[in-house]
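>>> Everything below, folded, please.
(2 chains)
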Amino acid sequence: AQSVAQPEDQVNVAEGNPLTVKCTYSVSGNPYLFWYVQYPNRGLQFLLKYITGDNLVKGSYGFEAEFNKSQTSFHLKKPSALVSDSALYFCAVRRGNSGYSTLTFGKGTMLLVSP
Amino acid sequence: DSGVTQTPKHLITATGQRVTLRCSPRSGDLSVYWYQQSLDQGLQFLIQYYNGEERAKGNILERFSAQQFPDLHSELNLSSLELGDSALYFCASSPQGQGTDTQYFGPGTRLTVL
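Numbering: from 1, shown residues only, chains lettered A, B, ... in the order given. Sure, this is the predicted structure:
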């Protein structure tokens, strides 16, 4: 079985400050990890993914995430938050080399960036 | 815009009815996925198709069924609807349905069952 935990329902940060949205995962074997963002009344937009290689992954809109195998974490980060980053963020995992591409999503973390 | 289209955008119906949700994948993508998003259950994977064939099944109820047609569009059929089926239904597509693929999501269909 595979699972993802996003321990914070909501993260509050002031504009211009760095932000971190946390994600931990549980999967047998190598994980494939993804971050998506959902704006109100919109579908999920892909931000970035980790498949293999460099533990620091850079994605869209200035976001990056760091894969930490020992801590089974894949936290999303951005050096300087924007008010427009306010949205719902989802972490997702699938088991690598399983042959299928089903994703298991976390419950989501609401990011609120204040001016 | 992800390139995945879903119709209709909103659907309001009554308990016991049947509805069909439609999804057109991004050009060139062979795999389609359906998800249900609700406040209490979060984002749940329902079913995946690859090039017309069912590839994987998730938490899909027996009252729900799906198919992918030769032109690769997909339909999700929901029957004997209950109040609890009210949710956002997303379709996603990916090139090959493989683990390294990125899934691109459509804008969703909001289903309200009264």
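>>> At which residues are the strands of chain B located?
Using DSSP state E, the strands of chain B run over B:5-7, B:10-13, B:19-24, B:31-38, B:42-50, B:53-57, B:64-68, B:74-78, B:87-94, B:104-105, B:109-113.
>>> As a markdown table, those strands with mean pLDDT, distance to chain A and mean neighbour count would be great.
C-beta: built from backbone N, CA, C; applies to glycine. Output for the strands of chain B, formatted as a markdown table (pLDDT from 0 to 100; distance: least, Cβ to the nearest Cβ, whole Å; neighbours: other Cβ atoms under 10 Å in any protein chain shown):
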| stretch | mean pLDDT | distance to chain A | mean neighbour count |
| --- | --- | --- | --- |
| strand B:5-7 | 97 | 8 | 16 |
| strand B:10-13 | 97 | 10 | 14 |
| strand B:19-24 | 98 | 11 | 19 |
| strand B:31-38 | 95 | 7 | 24 |
| strand B:42-50 | 93 | 4 | 21 |
| strand B:53-57 | 92 | 5 | 14 |
| strand B:64-68 | 97 | 14 | 19 |
| strand B:74-78 | 98 | 15 | 20 |
| strand B:87-94 | 96 | 6 | 25 |
| strand B:104-105 | 96 | 4 | 22 |
| strand B:109-113 | 97 | 8 | 18 |
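>>> Residue A:68: which of the ones you listed is closest?
Comparing the strands of chain B by their distance to residue A:68 (Cβ to Cβ), the top pick is strand B:42-50, with 23.8 Å.
>>> now for the closest one, which elements pack on it?
Applying 3 or more Cβ pairs under 8 Å, 6 or more residues apart in numbering or on different chains; DSSP states H and E, one finds that strand B:42-50 contacts strand A:104-105, strand B:31-38, strand B:53-57, strand B:64-68, strand B:74-78.
>>> hmm, the shortest one in reach of chain B?
Yep, that's strand A:104-105 we're talking about. Yes: judged by Cβ under 8 Å from any Cβ of the partner chain, strand A:104-105 and chain B are in contact via A:104, A:105.
>>> ok, back up a step: in TSV, list the helices and strands packed on strand B:42-50 along with distance to residue A:30.
Shown next, in TSV, are the helices and strands packed on strand B:42-50 (distance: least, Cβ to Cβ, whole Å):
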stretch	distance to residue A:30
strand A:104-105	15
strand B:31-38	21
strand B:53-57	19
strand B:64-68	29
strand B:74-78	29
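>>> Pull out the buried positions in stretch A:104-115.
By 16 or more other Cβ atoms under 10 Å in any protein chain shown, the buried positions in stretch A:104-115 come out as A:104, A:105, A:106, A:108, A:109, A:111, A:113.
>>> Stretch A:26-36 too?
Residues of stretch A:26-36 classed as buried under the neighbour-count rule (16+ other Cβ under 10 Å) are A:27, A:31, A:32, A:33, A:34, A:35, A:36.
>>> ditto for stretch A:82-98
A:85-96, A:98.
>>> Reformat those as TSV; add secondary structure and pLDDT.
Formatted as TSV, the buried residues of stretch A:82-98 follow (DSSP: H, G, I helix; E, B strand; the rest coil; pLDDT from 0 to 100):
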residue	secondary structure	pLDDT
A:85	helix	96
A:86	coil	97
A:87	strand	97
A:88	strand	96
A:89	strand	98
A:90	strand	97
A:91	strand	97
A:92	strand	95
A:93	strand	93
A:94	strand	87
A:95	strand	73
A:96	coil	65
A:98	coil	60
